[in-house]
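Student: Give me a 3D structure for the following:
(one chain, ligands or ions: 1)
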Amino acid sequence: MKTTPRVLSGIQPTGKLHLGNYLGALKNWVAMQDEFPHECYYCIVDLHAVTAPYKPEQFKQNVFDTALDFLAAGLNPEKSAIFIQSHVTEHVELMWLLNTLAPLGLLERMTQFKDKKKQRQAEAVNAGLFNYPVLMAADILIYKATAVPVGDDQLQHLELTRELARKFNHAFGETFPEPEARLTKGARIMSLTNPDNKMSKSDVEKSYVTLDEEPDRIKSKLKKAVTDTGAAGETGPGARNLLTILGVIHPASVPDFEKQAKQGTIRYSDLKTHLAEKLAEYLGPFRARRAELASKPKEVWDLLDTGKEKAAKIAQATLVEVKEKMGFV
Ligand code: AQP
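Tutor: Numbers count the residues shown, from 1 in each chain. Next comes the predicted model:
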């Protein structure tokens, strides 16, 4: 008998979500939720977010903003469990148990950890950052998820999750399915100010477009976007990034600009003005839904509570099974 794929994914509440988060993740999550028959668990991974320096007084607002973005983007609480990671405490307990199976050498080889270690001041490289992939494995395995929508940057973490599932099953008996990556079909969106880096919430404000950005701000951010970093006669990475975004939100207008780029007649100011208009149209319905949700905060918090109940039921059952198999009294 074919079982329903169970999907788990999460986003960190490190600021308002941007175009990259939507095109690279959320859009796909909504599609998976709406494609029968997927059972989806989507969480705001606040425990992951505190592995980077953050402001406690801003944290609640960030969580709320992420919830608004999830809902306005089309995640439907009647179809998916939408919840806050730290509200289902079983994630952390399972993480501890999985920690005892996680080889140190494997964790030391995680590219994301190595990159962040290089980028950060020594005091901001904490053990939470090192154990991040084990918590991610617990997020997935606590629901016995079988499918995980990820970008290619997360494949290594998912491989660790599969390894931990295999190790647990071998040591304590068949418990976890080995979750499969569902590589996100979306585009990778680059920073507007430094197109060699991906668009990122924690970067400077002018480098990203949030999903609720006002048309005027979209226009002014795009106006300042870097477009001239290519070799002579070539479309540089900044301009290519703008064409990628246009290709997703309004593909019909791309061939004209590409033709002009080949002929060397392209005016980047025209591309920016056109993209700003199309982007404002594309994000308009999102902005309206988000504003409406923001005016009903209690409803939003209640929805997260309902999601938590649904998620906790599965998580609690998994943890009981795991602890029994591990011999806990
Ligand atoms: N620029 C991007 N293009 C495509 N996809 C992206 N994602 C993030 N940036 C882009 C995808 O969004 C999901 C959520 O990621 P996250 O917030 O948990 O962590 P992140 O990847 O580190 O995202 P940010 O925006 O860069 O956040 P900060 O600045 O806090 O680190 C993931 O599926 C990711 O692939």
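
Student: For whichever residue of the stretch 201-329 of the chain sits closest to the ligand, list the residues it contacts.
Tutor: Closest to the ligand within the stretch 201-329 of the chain is Ser202: 3.2 Å, counting by C-beta to the nearest ligand atom. All C-beta spots, glycine's among them, are computed from the backbone N, C-alpha and C. By C-beta atoms under 8 Å, 6 or more residues apart in numbering, the residues touching Ser202 are 14-15, 52.

Student: Among the residues you listed, which ones are in helices?
Tutor: Judged by DSSP state H, helices contain none of the contacts of Ser202.

Student: Can you tell me which of these is nearest Tyr42?
Tutor: Nearest to Tyr42 among those, counting by C-beta to C-beta, is Thr14 at 16.3 Å.

Student: count of neighbours near that closest one?
Tutor: For Thr14, the neighbour count with other C-beta atoms under 10 Å is 21.

Student: Find the nearest non-adjacent residue to it, please.
Tutor: Leaving aside its chain neighbours, Thr14 sits nearest to Lys201 (4.9 Å; criterion: C-beta to C-beta, 6 or more residues apart in numbering).

Student: I'd like the secondary structure assignment at that neighbour, please.
Tutor: Here Lys201 is coil, with the state taken from DSSP: H, G, I helix; E, B strand; the rest coil.

Student: Would you check that it makes contact with Tyr208?
Tutor: Yes - under the criterion of C-beta atoms under 8 Å, Lys201 makes contact with Tyr208 at 6.9 Å.

Student: Among these two, which residue is more densely surrounded?
Tutor: Each of Lys201 and Tyr208 has its neighbours counted (other C-beta under 10 Å); Tyr208 has more, 25 against 20.

Student: Need phi/psi at the more buried one.
Tutor: The phi and psi torsions at Tyr208 (degrees, to the nearest 10) take the values phi -130, psi 160.

Student: Can you tell me how far Lys221 is from Gln58?
Tutor: Relative to Gln58, Lys221 is positioned 22 Å away (C-beta to C-beta, to the nearest Å).

Student: ok, now Glu35?
Tutor: Counting by C-beta to C-beta, the gap from Glu35 to Gln58 is 35 Å.

Student: before we move on, back to that, identify the contacts common to Lys201 and Tyr208.
Tutor: By C-beta under 8 Å, 6+ apart, Lys201 and Tyr208 have these common neighbours: His18.

Student: Burial check on Leu319, number of neighbours?
Tutor: 20.

Student: now, which of the contacts of Ser202 lie close to the ligand?
Tutor: Contacts with the ligand are made by Thr14 out of the contacts of Ser202, judged by C-beta under 6 Å from any ligand atom.

Student: returning to what we had before: okay, Lys221 and Gln58: which has more neighbours?
Tutor: Using other C-beta under 10 Å as the criterion, Lys221 and Gln58 rank with Lys221 on top: 21 against 13.

Student: Next, the residue of the stretch 1-150 of the chain found nearest the ligand: secondary structure please.
Tutor: Nearest residue of the stretch 1-150 of the chain to the ligand (C-beta to the nearest ligand atom) works out as Gly24 at 2.0 Å. Using three-state DSSP, the secondary structure recorded for Gly24 is helix.

Student: Quick check: Gln260 vs Ala239, distance?
Tutor: Here Gln260 is placed at a distance of 11 Å from Ala239 (C-beta to C-beta).

Student: Now for these two: what residues contact both?
Tutor: With contacts taken as C-beta under 8 Å, 6+ apart, Gln260 and Ala239 have Ile266 as neighbours in common.

Student: who has more neighbours, those two?
Tutor: Here Gln260 and Ala239 are set side by side on neighbour count (other C-beta under 10 Å), and the busier one is Ala239, at 23 against 14.

Student: What residues sit buried inside the host helix or strand of that one?
Tutor: Here Ala239, judged by DSSP states H and E, is contained in helix 237-249. Residues 237-249 are the ones in helix 237-249 that count as buried (16 or more other C-beta atoms under 10 Å).

Student: ditto for stretch 121-134
Tutor: By neighbour count on 16+ other C-beta under 10 Å, the buried set for stretch 121-134 is 125, 129-134.

Student: what do you get for stretch 57-68?
Tutor: Residues of stretch 57-68 classed as buried: 62-68 (neighbour count, 16+ other C-beta under 10 Å).

Student: where does the residue nearest to Glu90 when sequence neighbours are not counted land in three-state SS?
Tutor: Nearest residue to Glu90, sequence neighbours excluded (C-beta to C-beta, 6+ apart): Ala315, at 3.9 Å. Of the three states, Ala315 takes helix under three-state DSSP.
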